[in-house]
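Engineer: mind looking at a prediction? Sequence and model below.
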Amino acid sequence: MTGSLLRRLALAAAAAASLALLAAGSALAHAEVVPSTGLADGQLYALSVPNEIEGATTTRVVLTVPEGFAIDVFAESPGWERTVARTGDAGVIGSVTWRATEGGADEGAVFQFTGSSRSPGTFRFAVAQSYSDGTVVDWAGDEDSEFPASFVTTRSSLGGGGASWLALAALLVGGAGLVLGTLALVRREGGRPG
């Protein structure tokens, strides 16, 4: 396999794992952009937003894109309408807003996009999450705060062995995530009245 194919497989597996983990109900402690370490020249990321208020749904999510980080392409998010706000002369995306087109998400939401950074570094992503009961949670604090921002560190490469170790690790994590997600969906479907 070529390095490019391995990299694409690794990215697809990482995306599948993040979606499966959300479906499995393993709610993250906070809104989080994953993976937390990525390639500066670009890769697939997912914003995972848990629903933490009983009886309310997530109806709006606003991601503030840090300076020096660029979002290039978005994956479709069924049930959500996306708008972007651009900044500066270059028209760089400064923030992204997803609004629920129906009642909102009662289990959380995952939004995927490709991103890159001008140079390697650590980037702070703030997320504002609105609920159907009017509550707004600003995930913008320090790492040890009650409502921490999400941090992503980009590097020029992800290790000395090329992409093969990354592909293997991502495939293993992705496979485990898919199994957990499938089990959670079967369990959830089995508990619903017919």
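Structural biologist: Structure received. Residues are numbered from 1 along each chain as shown.
Engineer: all contacts plus neighbour counts: C-alpha atoms, from now on.
Structural biologist: Noted.
Engineer: other residues contacting stretch 83-102?
Structural biologist: The contact list for stretch 83-102 (CA atoms under 8 Å, 6 or more residues apart in numbering) reads 58-67, 70-71, 79-82.
Engineer: how close does Ser130 get to Asp138?
Structural biologist: 9 Å (CA to CA, to the nearest Å).
Engineer: same question but for Ser48, I mixed them up
Structural biologist: Ser48 sits 14 Å away from Asp138, going by CA to CA.
Engineer: who's more crowded, the two?
Structural biologist: Between Ser48 and Asp138, Ser48 has the larger neighbour count (other CA atoms under 10 Å), namely 22 against 17.
Engineer: any idea which helix or strand carries the more buried one?
Structural biologist: When elements are assigned from DSSP states H and E, Ser48 belongs to strand 43-49.
Engineer: name the residues of that strand that are buried.
Structural biologist: Buried residues in strand 43-49, defined by neighbour count with 16 or more other CA atoms under 10 Å: 43-49.
Engineer: repeat for stretch 56-73
Structural biologist: Going by neighbour count (16+ other CA under 10 Å), the buried part of stretch 56-73 is 56-66, 69-71.
Engineer: stretch 139-157 now?
Structural biologist: For stretch 139-157, the neighbour count (16+ other CA under 10 Å) marks 139-141, 147-155 as buried.
Engineer: returning to what we had before: so which of the contacts of stretch 83-102 comes closest to Ala109?
Structural biologist: Checking the contacts of stretch 83-102 against Ala109 with CA to CA, the nearest one is Thr58 at 8.0 Å.
Engineer: not counting its neighbours along the chain, what's nearest Gly104?
Structural biologist: Spatially, and ignoring its direct neighbours in sequence, Gly104 is nearest to Thr59 (4.6 Å; CA to CA, 6 or more residues apart in numbering).
Engineer: which residues in the chain form helices?
Structural biologist: Counting by DSSP state H, residue ranges of the helices within the chain are 3-23, 164-190.
Engineer: quick one, domains of this structure?
Structural biologist: What automatic domain parsing lists as the domains of the chain is 1-26+161-194, 31-158.
Engineer: lowest average confidence across those, which one?
Structural biologist: For the domains of the chain, mean pLDDT drops lowest on domain 1-26+161-194, to a mean of 49.
Engineer: in space, what's closest to Thr97 - neighbours in sequence excluded?
Structural biologist: With CA to CA, 6+ apart as the criterion, Thr97 has its nearest non-adjacent residue at 4.4 Å, and that residue is Val62.
Engineer: great, nothing more from me.
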